[in-house]
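In: Return a 3D structure for these sequence lines:
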Amino acid sequence: MTSTADLTPRAQVAPPTPAELLARNAASTTTASLAELARSSRSVWSGAAARRATPLDLATRGALWWSSMTDRRVPTWHLPHRTVLSTPFAHVHDFSPADADTGVVPTLVLPPQAGHSSHVVDFAPGQSQLTVLLEAGLTQLYAMEWRPATPATREVTITDYLDVIDQAIVHAGGRANLVGDCQGGWLATIYAALHPDRVHTLTLAGAPIDFHAGESLIAASTQLLTRALGMAPYRALVAMNGGNMSGRAVLSNFILMQPQTELGRQLALLDNVDDPEHVERYRVFEDWFKHTQDIPGAFYLWLVEHLFHKNELIDGRLVIDGRRADLADITCPLFLLAGARDHITPPAQLFAAADAVGTPPGEVMRRTSAGGHLGLFTGRQALTEDWPVLMAAVRAHSGR
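Out: Numbering: from 1, shown residues only. Sure thing, here's the model as predicted:
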């Protein structure tokens with residue numbers, strides 16, 4: 001039997017406004033930070049009591065903690081490679097092994113370009129997205145490395161970025177599987193829309209395509225600022241840094257979105273500072289996370305205005321050098337990987353691509369990993385359960 005309640009239409013819950021979303025996040029992160037501080041404090045002091053630590057022991061431990069926090073090293077590639085193309089703002093590296101299968105379509109990986117080094121795609125031995133691609137049989141493998149902006153590259157534009165992607169694909173043979181992570185994903189998508197004949201398959205992970213979909217803190221803050229002040233705050237940030245966007249400023253913004261995560265990581269180090277394995281895991285992450293690089297100012301202001309603010313990619317209004325980047329022109333197989341707890345790029349921002357492209361529905365694969373944004377590129381589940389499935393499907397399309 002159907003009850004009256006079953007027949008009553010359910011009221012649609014309006015999504016929060018940008019101001020409401022930011023206020024809610026501020027309240028929740030404050031609560032979470034205080035809870036993390038209380039939990040970690042109990043753990044540290046109970047551990048000290050169990051060890052019967054003396055004041056000298058506590059001072060020694062604190063000094064070791066501080067030295068571990070400040071011992072930073074420059075991120076490096078772990079897989080062997082050679083540089084095949086170089087520009088002032090990007091390198092193209094060839095990771096193909098000597099016995100690479102030349103009968104497989106080449107693959108080009110575009111790492112995130114958000115104030116951190118590109119080494120996140122080869123984060124550490126055993127935590128390497130590039131290794132997963134090689135193991136899937138995509139052995140003609142290339143990856144872009146975005147170089148830190150300098151005064152000489154502050155005027156680099158979106159056209160320059162698209163041109164170097166095109167050069168890389170031409171070098172690889174003229175047609176490639178494109179894999180784009182985060183901001184590398186929307187770059188890959190724009191390139192695919194403008195050059196569909198050069199893209200064999202398109203894989204996007206944690207990449208915003210509809211920049212206003214879902215509950216995104218970055219989108220909310222951008223909308224609030226631009227509605228009130230236009231592009232002036234962003235131009236001021238770039239001007240204050242000599243014409244480039246400061247990577248340190250981008251890092252600070254990421255930390256402020258979830259301060260409890262940063263607090264928890266530092267306090268966990270204090271609690272485990274005598275555990276070499278914990279300290280090494282901490283160091284590897286901090287070496288990448290805290291080693292920031294500036295972003296070319298002209299490129300940064302373009303992406304804020306046309307993508308984060310005006311959201312022109314998803315609705316077909318994006319024009320580059322007189323050409324419209326129409327997502328419907330993308331008809332190749334499409335592979336999408338989102339993070340269920342991704343607060344940088346909510347899944348809705350990525351999955352909007354499936355309805356906008358011209359790819360037949362049967363050739364679109366969606367997966368949702370359990371972790372957050374960085375977990376898509378370095379997390380155990382994503383690298384052992386999600387990427388292998390997606391890349392096996394790409395490999396199945398890539399014989400020639």
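
In: Pull out the buried positions in stretch 197-217.
Out: 198-217 (16 or more other Cβ atoms under 10 Å). Yep, even glycine has a C-beta here, placed from its N, CA and C like the rest.

In: model confidence over that stretch, on average?
Out: Mean pLDDT, stretch 197-217: 95.

In: Extract the C-alpha trace of it and format it as CSV.
Out: The C-alpha trace of stretch 197-217 is given here as CSV (Å, rounded to 0.1, in the frame of the first residue of the first chain):
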residue,chain,number,x,y,z
ASP,A,197,42.0,14.7,-34.4
ARG,A,198,45.2,14.6,-32.2
VAL,A,199,43.5,13.0,-29.1
HIS,A,200,43.0,9.2,-29.1
THR,A,201,41.5,9.0,-25.6
LEU,A,202,40.9,11.5,-22.9
THR,A,203,41.4,10.7,-19.2
LEU,A,204,40.6,13.4,-16.6
ALA,A,205,41.2,13.0,-12.8
GLY,A,206,40.0,15.6,-10.3
ALA,A,207,39.6,18.1,-13.1
PRO,A,208,37.1,21.0,-13.0
ILE,A,209,35.1,21.2,-16.2
ASP,A,210,32.0,22.9,-14.8
PHE,A,211,33.7,25.2,-12.4
HIS,A,212,30.5,26.2,-10.7
ALA,A,213,29.0,22.8,-10.0
GLY,A,214,28.9,21.1,-6.6
GLU,A,215,30.0,22.8,-3.4
SER,A,216,33.5,24.0,-4.2
LEU,A,217,35.2,26.4,-1.8
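
In: okay, now residue 368: neighbour count?
Out: For residue 368, the count of nearby residues is 16 (other Cβ atoms under 10 Å).

In: Thought residue 120 was touching residue 78, still the case?
Out: No: shown here, residue 78 and residue 120 do not form a contact pair, counting by Cβ atoms under 8 Å, at 11.7 Å.

In: Looking at the two, which is more packed in?
Out: A count of neighbours by other Cβ under 10 Å puts residue 120 above the other of residue 78 and residue 120, at 23 against 16.

In: tell me which element the closest residue to the more buried one other than its chain neighbours falls in.
Out: Spatial nearest neighbour of residue 120, chain neighbours left out: residue 377 (5.3 Å); criterion: Cβ to Cβ, 6 or more residues apart in numbering. In this structure, residue 377 sits in helix 375-378 according to DSSP states H and E.

In: gap between that helix and the chain center?
Out: Helix 375-378 sits 8 Å away from the centroid of its parent chain (Cα atoms, centre = their mean, to the nearest Å).

In: CA atoms only for it, dumped as CSV, please.
Out: What follows is helix 375-378 as a C-alpha-only set of coordinates in CSV (Å, rounded to 0.1, in the frame of the first residue of the first chain):
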residue,chain,number,x,y,z
GLY,A,375,44.5,10.9,-3.0
LEU,A,376,43.5,10.7,-6.7
PHE,A,377,47.2,11.0,-7.7
THR,A,378,49.1,9.6,-4.7
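
In: Let me know the helix or strand that residue 273 is in.
Out: Under DSSP H and E, no helix or strand contains residue 273.

In: Ignore what I typed, I meant residue 391.
Out: helix 387-396.

In: how about low-confidence regions in the chain?
Out: 1-13, 41, 44-45, 47-53, 400 (pLDDT under 70).

In: in it, which residue is closest to the centre?
Out: residue 182 (3.6 Å; Cα atoms, centre = their mean).

In: ok, and the closest non-adjacent residue to it?
Out: Nearest non-adjacent residue to residue 182 (Cβ to Cβ, 6+ apart): residue 112, at 3.7 Å.

In: what does the helix holding residue 377 rub up against?
Out: Contacts with helix 375-378, where a contact means Cβ atoms under 8 Å, 6 or more residues apart in numbering, come from 112, 120-121, 123-124, 127, 129, 181-182, 205-206, 337-339, 341-342, 369, 381-382, 386.

In: That helix: what's the following helix or strand?
Out: Following helix 375-378 toward the C-terminus (DSSP H and E): helix 380-381.

In: Near the residue nearest to residue 182, how many other residues are there?
Out: Other residues close to residue 112 by other Cβ under 10 Å number 26.

In: Enumerate every residue touching it.
Out: Per Cβ under 8 Å, 6+ apart, neighbours of residue 112: 118, 120, 181-184, 377.

In: from memory residue 203 sits against residue 335, does it?
Out: Yes: between residue 203 and residue 335 a contact is recorded at 4.2 Å, counting by Cβ under 8 Å.

In: Give me the common contacts of these two.
Out: Residues within reach of residue 203 and of residue 335 at once, by Cβ under 8 Å, 6+ apart, are 390, 394.

In: What ranges does the stretch 1-150 of the chain have for its helices?
Out: Remark: helices assigned in the stretch 1-150 of the chain by DSSP state H, counting those that start in this stretch are 4-7, 18-51, 55-70, 129-135.

In: Figure out which of those is closest to residue 244.
Out: When the helices of the stretch 1-150 of the chain are compared by Cβ to Cβ, helix 55-70 sits nearest residue 244, at 25.4 Å.

In: Show me what that closest one is packed against.
Out: helix 18-51, helix 259-271, helix 276-289 (3 or more Cβ pairs under 8 Å, 6 or more residues apart in numbering; DSSP states H and E).

In: Show me the helices in the stretch 201-350 of the chain, by range?
Out: When secondary structure is read from DSSP H, counting those that start in this stretch, the stretch 201-350 of the chain shows helices at 217-229, 232-240, 247-257, 259-271, 276-289, 297-303, 347-356.

In: Report the buried residues of the last one.
Out: For helix 347-356, a neighbour-count test (16+ other Cβ under 10 Å) marks 347-353, 356 as buried.

In: cool, the third one as well?
Out: Buried residues in helix 247-257, counting neighbours by 16+ other Cβ under 10 Å, are found at 247, 249-251, 254, 257.

In: next one: the first one
Out: Of all the residues in helix 217-229, those buried under the rule 16+ other Cβ under 10 Å are 217-223, 225-226.

In: Return the closest of those residues with respect to residue 85.
Out: Closest approach between those and residue 85, by Cβ to Cβ: residue 218, at 30.8 Å.
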